[in-house]
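Colleague: model this:
(chains A and B)
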Amino acid sequence: MNSTVFAPWDDPQAKPLIQFKNVTKRFGGFTAIDNLSLDIFEREFFALLGPSGCGKTTMMRMLAGFEKPTEGHILLSGQDIDPVPPNKRAVNMMFQSYALFPHLNVWDNIAFGLRRDNMPKHDLEDRVEEMLRLTRLEKFARRKPHQISGGQRQRVALARSLAKAPKLLLLDEPLGALDKKLRQDTQFELMDIQEKTGTTFVIVTHDQEEAMTVASRVAVMDQGKLMQVATPDRIYENPNSVYVADFIGDVNIIQGRATSTGADTYRIDWAEGQPPLTATSASRFADGQTCHLAIRPEKVTISAERPADAVNAVQGKVHDIAYLGNLSTYYVELSNGIIIKAQTANTRRISRRSFTWEDPVWLSWTATAAVLLAD
Amino acid sequence: MNRLSWFNTVSLTLGFAFLYIPMVILIIFSFNESKLVTVWAGFSTKWYGELMQNQAFLDAAWVTLRVAVFSSTLATILGTMAAYVMVRGGRFFGRTLFSGMIYAPLVMPEVITGLSLLLLFIGIGLDRGILTIVLAHTTFSMCYVSVVVSSRLVTFDRSLEEAALDLGCSPAQAFRLVTLPIIAPAVISGWLLAFTLSLDDLVIASFTSGPSATTLPIKIFSAVRLGVSPEINALSTIMIAVVTVGVISASLVSKRAMVRQRQEEQAAARTE
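Modeller: Numbering: from 1, shown residues only, chains lettered A, B, ... in the order given. Purely as a prediction, here's the structure:
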């Protein structure tokens, strides 16, 4: 089975479709992209994730050709595309606002790009019909954009940008305008279409759940730099920095000092009067080095008694409970004022809840549950 | 229907009387039998008949129409181009100065505009006639077109143009196939504005017209100086009628388009 796993980024022989080579983009005095290098492979569903202003949209606009790198080069299939204008690139973009042409109906919107290539009439009709089928829009072909719903407009925008069979499709916050329920359905639809067409997708989003769901790899960006590029599970389970750990999902960060106690095992002294914690880490820490322990709330167990075999256990009392329906997050205040979050699945009805406000509780986790980070 | 209070009734009556009594008098007296403008002598349409025989007036009307069509078309092309550069050109050197200078002629006294154009035409040795009036009218009405079109362009979603480029359009194609059809209503209303400005301009036309070409406003003005004839009333009534029909039909068309669009949007919302 292992051979069928799609992971060209681990294969040193694989040729990337897109290469950013030391790309820097400055707008006046502001550096939007800072000496960034990145490879994206064919058939990937690549997500650029970051807070607004981190440079992810600039990356996309450089790929589309609307912006040129100040320094460095962008290669598409090994060819430098910096001098190629947007209308000559085998790259299409789906805009955040969809940018559907209001004076054209759905059919003509999809056909717009094909007409620019002077495609023969018969082929053009076939291609448009194919796109309409792919996005389930056959019934709406003659409607104008203002006569269809938001979800349908999103699909028209997708069909229009896929019609020319681009080597690379750019999606700028493609689901941002949809409500949550529709967004989830559409995420799977997007993945399905990506798989069917075999097109390389690069998606820009600030929604980490969306990035984790759709993408084969996620790049977390901050202030024009790549913080981490990895598969969604690695980003979540093995963040390489406090920034990434904090940006993706919910996390407890405990600052302390590491002392080696064996191969890959460290003792962390973190607060007066609290027992030291134990964690394993593949990366090396010097004795006495400042470190941050990142623990996901769902990996923290909450119990009334101290579990006998617990490697790490701290005592506190329930400060607050966030009830989310399927999950509950307990905010437990330790004796030194630090609050640690523990999350449990609500497998029993709420009236049977074991803990309530001000209850004394124990929090415990294993040595491998947490990630030890230098900074 | 609400009944208006006495105060509102008075305001309404006063306001509209102020606006329309002069025109109503003009229209009534255009159907006057008598040659004397201020004495009513019975209903007649004979002045309309006489007007149709008056070659000088017909010639002037024909000149006015041609001048209005040519100058408003020229002004629309130039004004749209200017608006496009001002809104889309980015922050090029001298942009603020240029955009200020586009609007300046709007507040420039017409006498000065007319005089400077006259000096220019004399300077370059251009004989005054239809051509000079067209050029003059283009000069001052393109500012109005540019104001109307640029206010539309400011709210125009730029990603539409980028989408067109992305799908393979050259910048010129993107303008022709996407931008222009979408801003067309603003361009058309700019054209209509330029057309009416040209139609009723007296001051600039009188500076720049020559003996070979006289526009209707000049003709009316000079005729009135020799005494108001019922023919002029008839001519003015026709002009009022043309303008009224134009304005009402334009507003009906745009209102119907709006109602249809709203119905279609509601229909779309139901099918979701």
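Colleague: pLDDT below threshold where in chain A?
Modeller: Across chain A, the stretches falling below the confidence threshold (pLDDT under 70) are A:1-4.
Colleague: Chain B contacts on that one?
Modeller: Near chain B, the residues belonging to chain A are A:64-66, A:85-87, A:91-93, A:95-97, A:99, A:101-103, A:112-113, A:116-117, A:143-144, A:146-149, A:151, A:160-161, A:164 when assessed by CB under 8 Å from any CB of the partner chain. The way it works is simple: take the backbone N, C-alpha and C, and place the C-beta from them, glycine included.
Colleague: Now, those residues that are in helices?
Modeller: For these, membership in helices holds for A:Ala64, A:Phe112, A:Gly113, A:Arg116, A:Gly151, A:Arg160, A:Ser161, with DSSP state H as the criterion.
Colleague: State the helix or strand in which A:Phe46 lies.
Modeller: strand A:45-49 (DSSP states H and E).
Colleague: Pull the residues that contact that strand.
Modeller: A:40, A:56, A:59-60, A:191, A:194, A:200-206, A:208, A:210-211, A:214-221, A:247 (CB atoms under 8 Å, 6 or more residues apart in numbering or on different chains).
Colleague: try stretch B:98-107
Modeller: With contact meaning CB under 8 Å, 6+ apart, stretch B:98-107 is reached by B:Ala82, B:Met86, B:Thr113, B:Thr139, B:Phe140, B:Cys143, B:Tyr144, B:Ser146, B:Val147.
Colleague: go on, stretch A:204-211?
Modeller: A:47-52, A:56-57, A:59-60, A:170-173, A:175-176, A:183, A:187, A:203, A:218, A:232, A:247-249.
Colleague: CSV please, covering the ones in helices among the residues of chain A next to chain B and showing distance to B:Asn32 and neighbour count.
Modeller: As requested, those are exported to CSV (distance: CB to CB, whole Å; neighbours: other CB atoms under 10 Å in any protein chain shown):
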residue, distance to B:Asn32, neighbour count
A:Ala64, 71, 21
A:Phe112, 61, 23
A:Gly113, 66, 25
A:Arg116, 64, 18
A:Gly151, 67, 17
A:Arg160, 65, 31
A:Ser161, 69, 27
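Colleague: Can you lay out those residues as JSON lines showing distance to B:Phe195?
Modeller: Shown next, in JSON lines, are those (distance: CB to CB, whole Å):
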{"residue": "A:Ala64", "distance to B:Phe195": "41"}
{"residue": "A:Phe112", "distance to B:Phe195": "33"}
{"residue": "A:Gly113", "distance to B:Phe195": "37"}
{"residue": "A:Arg116", "distance to B:Phe195": "35"}
{"residue": "A:Gly151", "distance to B:Phe195": "44"}
{"residue": "A:Arg160", "distance to B:Phe195": "38"}
{"residue": "A:Ser161", "distance to B:Phe195": "41"}
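Colleague: quick one, domains of chain B?
Modeller: Structural domains annotated on chain B: B:23-53+B:228-272, B:64-214, as defined by automatic domain parsing.
Colleague: Kindly list the main-chain dihedrals of B:Leu115?
Modeller: Per-residue torsions, B:Leu115: phi -60, psi -40 (degrees, to the nearest 10).
Colleague: Measure how far the helix or strand bottoming out on mean pLDDT in chain B is from the centre of its chain, please.
Modeller: For chain B, the helix or strand with the lowest mean confidence is helix B:230-270, at a mean of 78 (criterion: mean pLDDT, DSSP states H and E). Centroid displacement of helix B:230-270 relative to its chain, using CA atoms, centre = their mean, to the nearest Å, is 15 Å.
Colleague: follow-up on the earlier one: would you show me how to pick out the buried ones of the residues of chain A next to chain B in ChimeraX?
Modeller: Command for ChimeraX, covering only those of the residues of chain A next to chain B found buried under the criterion 16 or more other CB atoms under 10 Å in any protein chain shown:
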select /A:64,65,66,86,87,91,92,93,95,96,97,99,101,112,113,116,143,144,147,148,149,151,160,161,164
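Colleague: Sort out which of the residues of chain A next to chain B are in strands and list them.
Modeller: A:Val91, A:Asn92, A:Met93 (DSSP state E).
Colleague: Distance to A:Arg349 added to the residues you listed, as CSV?
Modeller: Formatted as CSV, the entries for those read as follows, by distance: CB to CB, whole Å:
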residue, distance to A:Arg349
A:Val91, 53
A:Asn92, 51
A:Met93, 49
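Colleague: Show me what the strand holding A:Phe46 pairs with in its sheet, parallel or antiparallel.
Modeller: Each strand that pairs with strand A:45-49, with its direction, by DSSP bridges: strand A:200-205 (parallel), strand A:217-222 (parallel).
Colleague: chain center to that strand: distance?
Modeller: Relative to the centre of its chain, strand A:45-49 is centred 6 Å away, using CA atoms, centre = their mean.
Colleague: related to what we said a few turns ago, so which of the strands paired with strand A:45-49 gets nearest A:Ile268?
Modeller: strand A:217-222 (24.8 Å; CB to CB).
Colleague: Now the closest one - C-alpha only, PDB.
Modeller: As requested, C-alpha coordinates have been extracted for strand A:217-222 and formatted as PDB (Å, rounded to 0.1, in the frame of the first residue of the first chain):
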ATOM      1  CA  ARG A 217       0.200  19.800   1.900                       C
ATOM      2  CA  VAL A 218      -0.200  23.000   3.900                       C
ATOM      3  CA  ALA A 219       2.100  26.000   4.000                       C
ATOM      4  CA  VAL A 220       1.700  28.100   7.100                       C
ATOM      5  CA  MET A 221       2.800  31.700   6.400                       C
ATOM      6  CA  ASP A 222       3.600  34.600   8.600                       C
END
